[in-house]
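K.L.:
My questions are about this predicted structure, shown below with the sequence.
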Amino acid sequence: MKTTELLDVEQALQLIEHVLVRGGDDGEHLIASCTSIKDEEKGLAQRRLALRKTLRSATNLLTVAHRLMDCPTEGTSKELAIRMKATIDRLKISARGAYEAGHLLIGVRTTPRS
């Protein structure tokens, strides 16, 4: 039986995914080809991209939390090391996305890195 906390994390993941799907693709292609759009539209596109990057970062963090809460500590030391490396990589991706979102919001960088 799953704990209440684990169910809450699963629900949060579902809600974020719902927001991302409902919002569509609002950003990345607009930023890359922004030479012909107005500054106001460019700013809106940057905010939308920052929002998507922030939500993706939150998804990655919640996925890590879910794995830590649900993942058994059983297995060989090699399997545990592989899982730990995957968890650390996910945290790095999440941190990078949140950092890029912050830069987009303050206008330091006008084009996202791929």
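P.N.:
All right, it came through fine.

K.L.:
what helix or strand is residue 2 on?
P.N.:
Taking DSSP states H and E as the criterion, no element holds residue 2; it sits outside all helices and strands.

K.L.:
Use 7 as the first number from now on
P.N.:
Will do, 7 is the new start, and the previous item becomes residue 8.

K.L.:
Can you name the residues in contact with the helix or strand containing residue 11?
P.N.:
Secondary structure from DSSP H and E places residue 11 in helix 10-29. Among residues not part of helix 10-29, those counted as contacts by Cβ atoms under 8 Å, 6 or more residues apart in numbering are 8, 54, 57-58, 61-62, 64-65, 68-69, 71-72, 75-76. Any C-beta I mention is one placed from the backbone N, CA and C, and that applies to glycine too.

K.L.:
run the last query once more with 6 Å
P.N.:
Contact partners of helix 10-29, identified using Cβ atoms under 6 Å, 6 or more residues apart in numbering, comprise 61, 64, 65, 68, 71, 72, 75, 76.
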